[in-house]
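[1] I would like the atomic coordinates for the input below:
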Amino acid sequence: PPPDDSLGAVQVLRVTGGARLDGEVTVVGAKNSVLKLMAASLLAPGSSTLGNLPAISDVGIMHQLLERLGCEVSESLHGRTDEVTVTVPEVPQAEAPYELVRRIRGSICVLGPLLARTGRAKVALPGGDAIGSRPLDMHFAGLERMGAEIHVEHGYIVAEASELRGAQIWLD
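    Residues are numbered from 1 along each chain as shown. Presented below is the predicted three-dimensional model:
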C-alpha cells in the first residue's frame, strides 16, 4: 500500500528476501531527548535552534515554561519536521512556576541550567510529587556533588550555589 502521510501513523511493511531494499525512512525526534535539549538552551544567552521535534503536548508545555523564564520561543514547520528556536536573555528568570512544572516531569531539567546561570533556582516539584526514592534524587545528588545546596520548601525545589564545579558523579 502507499505510505500514509498523517503524523504519528504506524505503518507495517513486509520485506521478502531476494530484492534490493531502497528508499527513505523518516525518524521522528525523541520526546525524552527534546525536553532536555530545550532546557539545555538555558545554559547560554543567545539563540539555539532544535529540529525534528515530535508533535507532542510536552513540547508545547516546555515552550510555555521557557517563555515564563524570560526566553523568546518560536516554532516553525518545515514539511513534516517541527523546529523551535529558543532565544535566552542574559539573565533568565530563576523561578519555574507550579502551574507549568506540574504538567510534565521533564520540566525538572531546567533546574541545573537555571542554577548554573543565576546561582539560585526555584522549581516546583514536578507533578506535585513528594520527595522519596525517585529519579529526582539523581538530579539533586549530582548538583550537590557540584557544590549546590538543595532543599524543598512549600512544594518547590530550591537550589543555591555561589559556584558550580566539576565533580565525579556515578549514576545508578
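
[2] show me where the chain has its strands.
    For the chain, the strands defined by DSSP state E occupy 46-53, 72-78, 81-88, 95-96, 120-124, 149-153, 156-160.

[3] what sits against the residue most central in space within the chain?
    Residue closest to the average C-alpha location in the chain (Cα atoms, centre = their mean): residue 35, at 2.2 Å. Contact partners of residue 35, counting by Cβ atoms under 8 Å, 6 or more residues apart in numbering, are 58, 59, 62, 104, 106, 107, 109. In this view, the C-beta of every residue, glycine as well, is placed from N, C-alpha and C.

[4] then residue 39?
    By Cβ under 8 Å, 6+ apart, the neighbours of residue 39 are 62, 106, 107, 109, 110, 113.

[5] now residue 115
    121, 143, 148, 159, 160, 161, 164.

[6] try it again at 10 Å.
    Neighbouring residues of residue 115 by Cβ atoms under 10 Å, 6 or more residues apart in numbering: 42, 94, 121-123, 143, 146-148, 150, 157-161, 164.

[7] same deal with residue 97?
    64, 65, 68, 69, 107, 122, 123, 124, 156.

[8] distance of the second one from residue 30?
    Shown here: residue 65 relative to residue 30, a distance of 19 Å by Cβ to Cβ, to the nearest Å.

[9] which one's more surrounded, those two?
    Set residue 65 next to residue 30 and count neighbours by other Cβ atoms under 10 Å: residue 65 wins out with 26 against 13.

[10] once you drop chain neighbours, what's closest to that one?
    residue 100 (4.6 Å; Cβ to Cβ, 6 or more residues apart in numbering).

[11] hmm, the one you found is touching residue 58, no?
    No. Counting by Cβ atoms under 10 Å, residue 100 does not reach residue 58; the two are 11.1 Å apart.

[12] identify the contacts common to these two.
    Taking Cβ under 10 Å, 6+ apart as the contact rule, residue 100 and residue 58 both touch residue 107.

[13] buried residues in the helix or strand bottoming out on mean pLDDT in the chain?
    Using mean pLDDT, DSSP states H and E, strand 72-78 stands out as the lowest-scoring helix or strand of the chain, at a mean of 85. Neighbour-count burial for strand 72-78 flags residue 73 (criterion: 16 or more other Cβ atoms under 10 Å).
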